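Colleague: Okay, here's the prediction I keep looking at, along with the sequence it came from:
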Amino acid sequence: MTELTHFKNKITIAGSGPVGAMLAIILSRENYLVDVFESRPDPRAHNAQQGRSINITLSERAWAALEVIGLDNKVRQYATPLHKRIFHSKDGSLSEQSYGKKNQAIWSISREKLTEILISQAEQETHVNLHFEQRLTYIDFSTACASFSYLKAGRKGHKEVDADYVFAADGAFSKVRRLAQETPRFSYSQRYMEQSYIELTIAANEDGSTKLSPHASHIWPRKDFLLVALPNNNGSFTCTLYLNYQGETSFSSLTTPEAVTGFFLHNFTDVMPLLENPISEFLNKTPNPLFLVSVDPWVINNKVALVGDAAHAMLPFYGHGLNSSFEDCHVIAELIKLHNHDWIKILPAYYLQRKANTNAISKLSNDYFFDISHFESDELLSKKIADKFALKFPELWPSMDEMISFSRDISYEKAREISLEQKIIMTEIMKIKDIQLCWKKDCVYQKLEKMTLIRLLPLLK
Ligand SMILES: Cc1cc2nc3c(=O)[nH]c(=O)nc-3n(C[C@H](O)[C@H](O)[C@H](O)COP(=O)(O)OP(=O)(O)OC[C@H]3O[C@@H](n4cnc5c(N)ncnc54)[C@H](O)[C@@H]3O)c2cc1C
């Protein structure tokens with residue numbers, strides 16, 4: 001906190017998660033006075049996110065935003081590069097899929113560590129004031145005056161904070177979004193997945209080496225459920241088990257040590273001995289729900305704007321919730337410059353640009369659960385054909401990873417458009433008589449090339 005005399009406007013941010021903290025840095029450097037209110041204690045002092053030790057994969061979109069605030073190198077020090085996915089089948093056999101070209105990687109980092117780095121930087125900024133353990137409880141959408149509750153010496157207090165604008169970076173369960181539902185013409189939908197998730201751990205070996213191949217994400221696809229392990233840079237892996245909340249094989253049906261042991265032995269034979277106390281962890285942890293949110297508009301009265309998960313909480317299967325949220329912040333930074341601090345133009349442009357793109361990545365993430373959990377089924381042949389074609393004509397058949405994780409130029413919306421067209425083309429290819437037998441023949445690729453030139457090339461230009 002510093003002497004504040006020449007700031008342009010006063011901005012309140014609700015939530016100091018990774019998005020609130022990044023936005024605070026951006027706005028402060030544009031000379032706005034920024035007050036960030038966070039309902040939890042300072043995560044650097046308390047283990048505030050206990051039980052939420054999620055690992056996040058960062059791709060080019062996140063790096064582009066981190067570069068804007070000069071934190072890319074710092075964050076990379078705590079991140080682990082992942083070059084490929086390794087699929088573990090039930091019989092223990094492995095198959096691999098590179099994320100990108102040689103040397104391309106996405107990066108895994110603990111969300112807690114990432115948030116700490118961003119908060120520490122925000123604290124250093126000239127015009128940022130951080131307020132922990134202060135919860136937004138109410139907001140006047142016409143004046144941008146927000147109310148906060150806090151505890152002082154054991155007694156509950158309230159205060160009102162005036163601002164010119166409010167950014168709601170208060171996450172998937174956003175209070176601002178809930179309050180906005182009482183404003184006119186605000187549409188909101190929330191859909192729960194059948195699956196919930198718990199986190200499990202694979203510790204490092206005593207000498208610090210990893211128990212699974214490092215620099216890869218590990219995936220155990222089992223159709224209705226899925227286990228994913230991402231490495232940490234201390235040699236351990238954070239694993240996420242996605243499983244139905246209710247039903248025959250579910251968190252609700254597996255309630256005894258015997259049943260859970262049988263479930264792990266049957267489905268995760270190779271990884272079971274590596275997991276730390278999977279049975280008691282499974283039985284004692286409360287599964288976290290998975291849901292996706294869609295709201296319209298994100299900007300109310302040109303005073304209050306939603307950002308990050310508050311605006312577009314999505315399913316985590318493509319690992320782009322935070323990547324797309326950092327892209328929100330990046331776009332705001334660019335629009336401030338483009339519109340020379342004219343918020344009448346900035347906020348509507350932000351909403352317009354981000355809504356279509358986050359809709360697209362949310363839909364892609366939704367579909368990806370099926371693709372990834374059914375990895376061992378027939379889907380594989382079409383993937384093999386696509387990979388073989390892409391090897392010969394890389395510019396004609398960009399992979400999804402290439403478009404969403406390694407590109408800074410292809411928007412999510414464009415990537416989805418291209419991928420839908422690719423699916424249509426591949427459906428036609430899979431109808432070729434005896435494709436299972438003839439898939440390596442030239443005629444298949446000639447047909448593919450022809451269709452691609454007609455249908456895909458116009459989109460790729
Ligand atoms: C299992 C899982 C795996 C994921 N993996 C990936 C991945 O690999 N890659 C990726 O890009 N994304 C991933 N995500 C998504 C990513 O975690 C989110 O997109 C990201 O955390 C959003 O950041 P945020 O700052 O918007 O929200 P949050 O991280 O939720 O932060 C919101 C903050 O607001 C605070 N807050 C809440 N209410 C109030 C209030 N009333 N007043 C004040 N403060 C408040 C909260 O305490 C919190 O600190 C994953 C998500 C899950 C669940």
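Modeller: Perfect, thanks for sending it. Numbers count the residues shown, from 1 in each chain.
Colleague: Phi, psi for residue 373 please.
Modeller: Backbone torsions of residue 373, given as degrees, to the nearest 10, read phi -80, psi -20.
Colleague: The stretch 251-400 of the chain: strands as residue ranges?
Modeller: Using DSSP state E, counting those that start in this stretch, the strands assigned to the stretch 251-400 of the chain run over residues 288-296, 299-300, 304-306.
Colleague: Could you report the separation of residue 142 from residue 9?
Modeller: In this view, residue 142 and residue 9 are 16 Å apart by CB to CB, to the nearest Å. From N, CA and C alone the C-beta is placed, and that goes for glycine too.
Colleague: which sections of this protein are below the confidence cut-off?
Modeller: Within the chain, the stretches falling below the threshold (pLDDT under 70) are 1-5, 46-53, 375-379.
Colleague: 80 instead?
Modeller: 1-7, 46-53, 153, 370-380 (pLDDT under 80).
Colleague: quick one, longest strand in it?
Modeller: Identified as the longest strand of the chain according to DSSP state E is strand 187-202.
Colleague: strands paired with the helix or strand that comes right after that one, and their directions?
Modeller: Secondary structure here is assigned by DSSP states H and E; on that basis, the next helix or strand after strand 187-202 toward the C-terminus is strand 216-222. Strand pairing for strand 216-222, determined by DSSP bridges: strand 84-88 (parallel), strand 225-231 (antiparallel).
Colleague: distance between the shortest one and the chain's centre?
Modeller: Going back to what we said before, that points to strand 84-88. Its chain's average C-alpha position is 19 Å from that of strand 84-88, according to CA atoms, centre = their mean, to the nearest Å.
Colleague: Repeat that for stretch 200-212.
Modeller: In this view, stretch 200-212 has its centroid 25 Å away from the chain centroid, taken as CA atoms, centre = their mean.
Colleague: Present the strands of the stretch 251-400 of the chain as CSV; the columns should include distance to the ligand and mean neighbour count.
Modeller: Conversion of the strands of the stretch 251-400 of the chain to CSV gives the following (distance: least, CB to the nearest ligand atom, whole Å; neighbours: other CB atoms under 10 Å):
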stretch, distance to the ligand, mean neighbour count
strand 288-296, 7, 17
strand 299-300, 16, 22
strand 304-306, 9, 27
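Colleague: Tell me which of these lies nearest to residue 368.
Modeller: With CB to CB, the closest approach to residue 368 among the strands of the stretch 251-400 of the chain belongs to strand 288-296: 12.4 Å.
Colleague: most tightly surrounded among the strands paired with strand 216-222?
Modeller: Mean neighbour count, computed with mean count of other CB atoms under 10 Å, is highest for strand 225-231 among those, reaching a mean of 23.
Colleague: does that one come close to the ligand?
Modeller: No. Counting by CB under 6 Å from any ligand atom, the ligand is not contacted by strand 225-231; separation bottoms out at 7.4 Å.
Colleague: Name the residues of the longest strand of the chain that come out as buried.
Modeller: By neighbour count, and taking 16 or more other CB atoms under 10 Å as the criterion, the buried residues in strand 187-202 are 193, 195-202.
Colleague: Need those in TSV (columns: distance to residue 208).
Modeller: TSV is the format used below for those (distance: CB to CB, whole Å):
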residue	distance to residue 208
193	36
195	33
196	32
197	28
198	26
199	21
200	20
201	15
202	13
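Colleague: which of the residues you listed lies closest to the ligand?
Modeller: Out of the buried residues of strand 187-202, the one with the shortest distance to the ligand is residue 197. That distance is 5.5 Å, counting by CB to the nearest ligand atom.
Colleague: residues contacting the closest one?
Modeller: By CB atoms under 8 Å, 6 or more residues apart in numbering, residue 197 lies in contact with 240-243, 287-288, 290.
Colleague: ok, now with 7 Å
Modeller: Applying CB atoms under 7 Å, 6 or more residues apart in numbering to residue 197 gives the contacts 240-242, 287-288, 290.
Colleague: count of residues packed around the residue in the chain that the ligand sits nearest to?
Modeller: Each residue of the chain has a distance to the ligand, by CB to the nearest ligand atom, and the smallest belongs to residue 17, at 2.1 Å. The local packing count at residue 17 equals 25, with neighbours defined by other CB atoms under 10 Å.
Colleague: How about residue 252?
Modeller: Taking other CB under 10 Å as the definition, residue 252 ends up with a neighbour count of 14.
Colleague: Repeat that for residue 245.
Modeller: Counted by other CB under 10 Å, the residues lying close to residue 245 total 18.
Colleague: ok, it touching residue 290?
Modeller: No. Under the criterion of CB atoms under 7 Å, residue 245 lies out of contact with residue 290, with a separation of 9.1 Å.
Colleague: Identify the contacts common to those two.
Modeller: Common neighbours of residue 245 and residue 290, using CB under 7 Å, 6+ apart, are 195-196.
Colleague: ok, back up a step: so for residue 142 and residue 9, which residue has more residues nearby?
Modeller: With other CB under 10 Å as the criterion, residue 142 and residue 9 differ in neighbour count, and residue 9 comes out ahead with 16 against 11.
Colleague: can you list the domains in this structure?
Modeller: 10-79+111-190+292-368, 192-289, 378-460 (automatic domain parsing).
Colleague: What is the distance between the shortest one and the centre of its chain?
Modeller: The gap between the average C-alpha position of domain 378-460 and the chain average comes to 25 Å, counting by CA atoms, centre = their mean.
Colleague: Establish whether stretch 402-411 and the ligand are in contact.
Modeller: No. Stretch 402-411 lies out of reach of the ligand by CB under 6 Å from any ligand atom, never closer than 9.9 Å.
Colleague: and that stretch, which residues are buried?
Modeller: Of the residues in stretch 402-411, those with enough neighbours to count as buried (16+ other CB under 10 Å) are 402-407, 410-411.
Colleague: re the thing from before, the residue of the chain closest to the ligand and residue 173 touch, don't they?
Modeller: No. At 11.4 Å, residue 17 and residue 173 do not qualify as touching, with contact defined as CB under 7 Å.
Colleague: Alpha carbons of stretch 74-84, as CSV, please.
Modeller: What follows is stretch 74-84 as a C-alpha-only set of coordinates in CSV (Å, rounded to 0.1, in the frame of the first residue of the first chain):
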residue,chain,number,x,y,z
LYS,A,74,8.9,-16.9,-11.6
VAL,A,75,5.9,-19.2,-12.1
ARG,A,76,7.9,-21.5,-14.3
GLN,A,77,10.3,-22.1,-11.5
TYR,A,78,7.5,-23.9,-9.6
ALA,A,79,6.0,-25.7,-12.5
THR,A,80,6.7,-29.0,-14.2
PRO,A,81,6.7,-29.4,-18.0
LEU,A,82,4.4,-32.1,-19.3
HIS,A,83,5.2,-33.4,-22.8
LYS,A,84,2.6,-36.1,-23.2
